[in-house]
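*Asks:* When you get a sec, could you give me coordinates for this:
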Amino acid sequence: MKKLLMVGMMSAMLVGLAACGSDADSKSAEPDKATPKTEEKEVAKKAETTKQDVNSDTDANKQTEEKQDKESTTAKEDTPTTEKTEEKTSEPAAQNDTTKETTDTAKTEEKTPEQKQAATAGAFSLTPAGFKQSAVAPKTGGTVSLVYLNTTPETADFGPLKVTVKQYKLESVTGANKKMDPYSPESYLANQDGFVVTADVVIENTSASNINYLAERIQINGGGISKGASLENFVPTAYQLSGSATSHNIFPAKSKREGAITYMLNKDNYYTLVHLTKLVVPNPNDFADKALPVKTTKAIDLDFRITE
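*Replies:* This next block holds a predicted model:
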């Protein structure tokens, strides 16, 4: 009996142990089953993350490619504009260069009033060619002829002042037919035939102070008669002899002035003066407030023949 009880107890214990072992196995299997599920979730999450990363990289690549395409397209579109801009910029530059060259040429070709007047056909000037042209004919009309021309310079040297006649000429006037101002000295030749002597004169002040000098006092002398000069009669304004703009008789220190002076002669005057004609150049001390250290105290006579 005891043995049977022991056997029974032993069997019960074995059954109990077997049941406990089975429960323990079941419980230990459950964590094992849970672990794979967790690992699967983590793997799935990593895969999804990787997928997102891949998609993100793909999107980034697409955006980069689209940006590059856009920049490329913009660059292509901008290139012609830049070229056009450069062309437009170069065109004004070329025009500016042309304008500058034209302006420079215009400046180079720009002439003084004297040169402009000399450039006019038949215009009088103090150049060798221009001096042969008549400033008398346009005012008197009729027939004006060049009778005599002298181009050999002569100088009256007083020291501080020098008076040089560079060239002079004699013109005859016949049948003057233009209406002239009766109050003008030039009308002297309106009603009679006569002559006009024109001299190209240079007055140089070599001193350190202004000199007062009256060029109109330079006289033609001969045969017992004298004729004073004019600074205006038949002399274009551009060629009138003047010491300064404010006073024709004041010649500034270290200056040189050039202009024309004229003499009008009727036939009787001419035939009296034609022999042994002199040009009498007055001494600067005749007009000076304070005596100048001149070489001579007298006037200086220059040979001034007015015929061949």
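
*Asks:* For the lengthiest strand in the chain, buried residues please.
*Replies:* In terms of residue count, the longest strand belonging to the chain (DSSP state E) is strand 161-174. The neighbour-count check on strand 161-174 (16 or more other C-beta atoms under 10 Å) flags 161-173 as buried. C-beta here means a position set from N, CA and C on the backbone, and glycine is covered the same way.

*Asks:* angle of the helix or strand following it against strand 161-174?
*Replies:* As assigned by DSSP states H and E, the chain's next helix or strand after strand 161-174 is strand 194-205. Orientation of strand 194-205 against strand 161-174 (axes from the mean of the first three to the mean of the last three C-alpha atoms, to 10 degrees) gives an angle of 170 degrees.

*Asks:* I'd like the numbering to begin with 645 instead of 1 from here.
*Replies:* Shifting the count to begin at 645 puts that one at strand 838-849.

*Asks:* Strand 838-849 pairs with which strands?
*Replies:* According to DSSP bridges, strand 838-849 forms sheet pairs with strand 805-818 (antiparallel), strand 899-910 (antiparallel).

*Asks:* Now that we have these, can you turn them into a markdown table and tack on mean pLDDT and distance to residue 790?
*Replies:* Output for these, formatted as a markdown table (pLDDT from 0 to 100; distance: least, C-beta to C-beta, whole Å):
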| stretch | mean pLDDT | distance to residue 790 |
| --- | --- | --- |
| strand 805-818 | 98 | 6 |
| strand 899-910 | 97 | 14 |
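
*Asks:* how about TSV for those strands, with distance to residue 869 added?
*Replies:* Listed next are the strands paired with strand 838-849 as TSV, based on distance: least, C-beta to C-beta, whole Å:
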stretch	distance to residue 869
strand 805-818	16
strand 899-910	10
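
*Asks:* Minimum distance to residue 843: which of these has it?
*Replies:* strand 805-818 (4.0 Å; C-beta to C-beta).

*Asks:* Which residue ranges of this protein form strands?
*Replies:* Under DSSP E, the chain gives strands at 787-794, 798-801, 805-818, 838-849, 855-856, 863-866, 869-872, 894-895, 899-910, 922-925, 944-947.

*Asks:* got a markdown table for those strands, with distance to residue 830 too?
*Replies:* A markdown table is the format used below for those (distance: least, C-beta to C-beta, whole Å):
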| stretch | distance to residue 830 |
| --- | --- |
| strand 787-794 | 13 |
| strand 798-801 | 27 |
| strand 805-818 | 10 |
| strand 838-849 | 9 |
| strand 855-856 | 27 |
| strand 863-866 | 18 |
| strand 869-872 | 15 |
| strand 894-895 | 26 |
| strand 899-910 | 8 |
| strand 922-925 | 22 |
| strand 944-947 | 26 |
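
*Asks:* Out of the ones you listed, flag the one nearest residue 888.
*Replies:* Closest among the strands of the chain, using C-beta to C-beta: strand 894-895, at 5.3 Å.

*Asks:* in its sheet, what does that closest one sit against?
*Replies:* In the sheet, strand 894-895 lines up with strand 855-856 (antiparallel) (DSSP bridges).

*Asks:* follow-up on the earlier one: right, and the strands of the chain - which one's nearest residue 938?
*Replies:* Using C-beta to C-beta, the strands of the chain put strand 805-818 closest to residue 938, at 7.7 Å.

*Asks:* ok, so of the buried residues of strand 805-818, who is nearest residue 895?
*Replies:* Among the buried residues of strand 805-818, and counting by C-beta to C-beta, the member closest to residue 895 is residue 805, at 7.5 Å.

*Asks:* how many neighbours does the nearest residue to the closest one once chain neighbours are set aside have?
*Replies:* Using C-beta to C-beta, 6 or more residues apart in numbering and skipping the chain neighbours, the partner closest in space to residue 805 is residue 928 (4.5 Å). If you count neighbours by other C-beta atoms under 10 Å, residue 928 ends up with 25.

*Asks:* repeat for the one 5 residues further on
*Replies:* Applying the criterion other C-beta under 10 Å, we find 5 residues in the vicinity of residue 933.

*Asks:* for residue 923, same thing?
*Replies:* Neighbours of residue 923 using other C-beta under 10 Å come to 27.

*Asks:* That one against residue 862, yeah?
*Replies:* Yes. With contact defined as C-beta atoms under 8 Å, residue 923 and residue 862 form a contacting pair (6.5 Å).

*Asks:* Now for the two: what residues contact both?
*Replies:* Shared contacts of residue 923 and residue 862 (C-beta atoms under 8 Å, 6 or more residues apart in numbering): residue 843.

*Asks:* now the longest strand of the chain against strand 787-794, angle please.
*Replies:* 150 degrees.
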